[in-house]
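Trainee: Just to be clear, the model below is a prediction. Sequence and coordinates:
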Number of protein chains: 2
Amino acid sequence: MPEYLYQQLEQTLRDEIKSGQRAPADRLPSVRQLCAEHEVSKSTVLVAYGRLESEGLIEARPRSGYFVSAPQKTKKNILQSPAPSQPTSAPAEVSAGQVLVDIMEQGAAFDLLPSTEVSPGNEALRRCLSRAQRQQSSAEQLYYDEPMGLSSLRTQLAQRLGQSGSQIDKNELVITSGCQHALLLALMATTQPGDVVAVESPGYYGVFQLLETLGLQALELPSSAESGISPDALELALQHWNVQALMISPCYATPTGACMPEANKRRILELTQPRGIAIIEDDIYGDCYFGLQRPRSLHSYDDTGSVLLCSSFSKSLSRDLRVGWIAPGRYLEQVKRLKVVTALASSRTLQQGISRFLEEGSLDRHLRHMRQQHRDQCQELQTLIPKYLPMATRCSQPEGGVALWLELPDSVDTVSLYAKARALGITITPGRLFTAQDRYQNFLRMSFAHPWTTKRKEALKKLGKLVLTNGA
Amino acid sequence: MPEYLYQQLEQTLRDEIKSGQRAPADRLPSVRQLCAEHEVSKSTVLVAYGRLESEGLIEARPRSGYFVSAPQKTKKNILQSPAPSQPTSAPAEVSAGQVLVDIMEQGAAFDLLPSTEVSPGNEALRRCLSRAQRQQSSAEQLYYDEPMGLSSLRTQLAQRLGQSGSQIDKNELVITSGCQHALLLALMATTQPGDVVAVESPGYYGVFQLLETLGLQALELPSSAESGISPDALELALQHWNVQALMISPCYATPTGACMPEANKRRILELTQPRGIAIIEDDIYGDCYFGLQRPRSLHSYDDTGSVLLCSSFSKSLSRDLRVGWIAPGRYLEQVKRLKVVTALASSRTLQQGISRFLEEGSLDRHLRHMRQQHRDQCQELQTLIPKYLPMATRCSQPEGGVALWLELPDSVDTVSLYAKARALGITITPGRLFTAQDRYQNFLRMSFAHPWTTKRKEALKKLGKLVLTNGA
């Protein structure tokens, strides 16, 4: 791993703090102690401490050293995280409802109200795509793109994947029609109808729909809003069931926003690799972190080719591009073939435009702005929730992603709330979408991807009233 | 059917001439006779005769009336059509080779040499797409497109489908990521793993790859290069096998270029409808006709919703757009859902650009030019073949599409020829791609979509020499 030493150290300390191993107000080891313990230089320790300090996780006290900070002010609000989930522990066929297609037909984008805010990255993207269209060569119109996708785009993506610790060559990447398409190819390459696939619960609705469509069984694993699936629960499940693949989002899962601790990522690989289980890693939220550093992908810990890393630009840049990618590890040949069979090819002109956008550094500029914005909007939503929603509402405390996971009082049914809110022009995303079991009826996912304008705050207020008059 | 009366009459006469029922030099009924027989006006008959005359199918002799023309001069060359195919008449699992991915990896586009010719339509398309990118609204970046695709594009497409006789509402259309994606959705909506799907033989390689991927069995039906699958063979097959779906290209099938006579289209529906068999109609070549009128889709004869019409712009405009569509008849709800599950959404910006291109009439202008060009290039290739390829070579006589189907002497193996030609920088499309059986070893498909420049003629000449030194 060509990762810097200070990053390893920083991560170790961060994990220790987040897991509670080092409690608030605990004194951290002296610089000298850490140098000896980890066999690193003084500057390595100082850089790591400096980064954790600016993240707000630790604080320096003059002449006393470094201490673990009290939980951040914004986290000191009355909100509690939802309790870890307890799904039924047996594989089951998936039979999802019609709610997803309904929501998408509203054109409503899983968001309270449509937003029209403009991001500064959009202008650069428009310019790159428009230029690519103007400069399109006739060969691009006359011939299909090669199966893996445009070489220059794959080069750019392979470089970016380095940020998550994944060392990858452009020839190990296949361009797809978005992340959902990448997940489809990953499941088709690793499973047969009837197979059991372990998934997070609650988990991304698109996964449950895929499992149903491909005739696969879902084994829902207990997950917490802090750290994702429980490795212990996975171990137990693997002893009982013949699991073919594990599909997870280690970096800011949807809907919980959970980010898996590094130790858990390693443990999950230790559990799955000897059994030959494929891991399909949905990394679509990986670039949406609030802190200073991108969390490492699970893929970056794997040296056996058993992880298929899937992602796209839909959460980090634009939902309109419909360009995603997959790093399919040892399943490369199957995935390449499935790409051709299911979609034939991708648009070269579009890939040219995106490749140029990445080359000129516009994505990184856009992301820096977006992360700041998301973090602020997340905090604002966390202050709005206790104001407008029932006191007993619990809420996730994510450090990335684009949404909060809300647990309303037991008496609230968010599917019927969905219909009532729609009548007021407000869209919510009911918890029932995030499982194939009969669960999360009183949960909902709420996006913080857009600014809290007066109108949007009013919508939240109206929704709160609706909740109060409907069961809470 | 709101079709004009003259079109019905014209089609009846055309079918009678093409089927040989009316032979060359036969005198056609007088205008008065036809009026009485078909209960139509004199002007209707005159319009129909006028159109058949300008198509070259009939000729007016002063004071004698109308006569069936001798076969066109260009068809009088020494080329003979390949004999109708005789595939094994039992369903079989598909296990396609690697040749398709190989060819696509060459970036070689199933064509002798890369072409760089520019079509006049391209400039208008570039302008429309570039403008759509520049004018993209933030909502287009922030939210996913609705499941069926952009309403304005569907309106344009529904109008165009009228040209093939299909009366359809925009709300019966779903936008896909190209035609291959549409075919995938159609098969997923109508079949289960293990089902038998009847297909043309030879037929489109993309279909065989889909059948293999979805665990379906292929029942290959005998087809001729003139009229496509034999309805008699289909009838026999349906008596023996439990066929779930029939997948065909009635309008210029690939590789043969066959166009199914109208009577056969009706007969196929009569055979399949009572059995509840779904018909997946691949209409991607439907706009690539040489004559004056677009052939009718099989879909246009169906009033039970059993035909799923699939198409895209890849053959008629640009292989780079990756936008297709499906009119799934009674399978609309399933297809809509499968679209979301496999691809989530389409790009609205791209659809805006295409919609504008259609609205301003640019596609029709482009197609008029393209058809003329294709017809000329087809004729030129038909004169080049006897010049450069072995005397015994047989060749299809299509009236549309973009390629010829060549039968070389039995001793030629086009798969090994493929490798030898590649070494010279020349790409051929071996016949073996167009079946799941061990057939068509001495066949190849040859595109006439590009002008016969000196370089391309030289490539054909080199290929001819290679054939002569390798078995013929």
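Mentor: Nice, I can see it.
Trainee: Parallel or antiparallel, list what pairs with the longest strand seen in chain A.
Mentor: Looking across chain A with DSSP state E, the single longest strand is strand A:217-224. Partners of strand A:217-224 in the sheet, by DSSP bridges, are strand A:92-93 (antiparallel), strand A:196-201 (parallel), strand A:228-229 (antiparallel).
Trainee: Buried deepest among the ones you listed, which one?
Mentor: Among those, strand A:228-229 has the highest mean neighbour count (mean count of other Cβ atoms under 10 Å in any protein chain shown), at a mean of 28. In this view, the C-beta of every residue, glycine as well, is placed from N, C-alpha and C.
Trainee: Toward the C-terminus from that one, list the very next helix or strand.
Mentor: helix A:231-240 (DSSP states H and E).
Trainee: That following helix: which residues count as buried?
Mentor: For helix A:231-240, a neighbour-count test (16 or more other Cβ atoms under 10 Å in any protein chain shown) marks A:231, A:233-234, A:237-238 as buried.
Trainee: Could you list the residues in contact with it?
Mentor: The set of residues external to helix A:231-240 that reach it, using Cβ atoms under 8 Å, 6 or more residues apart in numbering or on different chains, is A:89, A:198, A:219, A:221-222, A:243, A:246, A:264, A:267-268, A:271-272, A:275, A:277.
Trainee: That one to strand A:217-224, inter-axis angle?
Mentor: Per axes from the mean of the first three to the mean of the last three Cα atoms, to 10 degrees, the angle that helix A:231-240 makes with strand A:217-224 is 160 degrees.
Trainee: Alpha carbons of helix A:231-240, in CSV - could you do that?
Mentor: Extracted in CSV, the C-alpha atoms of helix A:231-240 (Å, rounded to 0.1, in the frame of the first residue of the first chain):
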residue,chain,number,x,y,z
PRO,A,231,-19.2,-8.3,11.1
ASP,A,232,-20.4,-10.7,13.9
ALA,A,233,-23.8,-10.9,12.4
LEU,A,234,-22.2,-11.6,9.0
GLU,A,235,-20.0,-14.4,10.5
LEU,A,236,-23.1,-16.0,12.1
ALA,A,237,-25.0,-15.7,8.8
LEU,A,238,-22.2,-17.3,6.8
GLN,A,239,-22.3,-20.3,9.2
HIS,A,240,-25.9,-20.8,8.5
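Trainee: How far away from the center of its chain is it?
Mentor: Its chain's C-alpha centre and that of helix A:231-240 lie 23 Å apart, by Cα atoms, centre = their mean, to the nearest Å.
Trainee: So for stretch A:425-432, first residue to last residue, what's the gap.
Mentor: End-to-end span of stretch A:425-432 (Cα to Cα, to the nearest Å): 20 Å.
Trainee: now that stretch: how far from the chain's centre is it?
Mentor: 20 Å.
Trainee: Mind checking the pLDDT average for that stretch?
Mentor: Stretch A:425-432 carries an average pLDDT of 91.
Trainee: ok, how many other residues are close to A:Trp452?
Mentor: 17 (other Cβ atoms under 10 Å in any protein chain shown).
Trainee: so who does it touch?
Mentor: Applying Cβ under 8 Å, 6+ apart to A:Trp452 gives the contacts A:377, A:380-381, A:384.
Trainee: now that we have the residues you listed, which one has the most neighbours?
Mentor: A:Leu381 (20 neighbours).
Trainee: List the contacts of it.
Mentor: Going by Cβ under 8 Å, 6+ apart, A:Leu381 touches A:404, A:446, A:448, A:452.
Trainee: The helix or strand hosting the first one near chain B anywhere?
Mentor: When secondary structure is defined by DSSP H and E, A:Leu404 falls within strand A:403-407. No. Shown here: strand A:403-407 not in contact with chain B (Cβ under 8 Å from any Cβ of the partner chain), separated by at least 13.9 Å.
Trainee: Nearest to chain B: which residue in the stretch 151-300 of chain A?
Mentor: Distances between the stretch 151-300 of chain A and chain B by Cβ to the nearest Cβ are smallest at A:Gln180, namely 4.1 Å.
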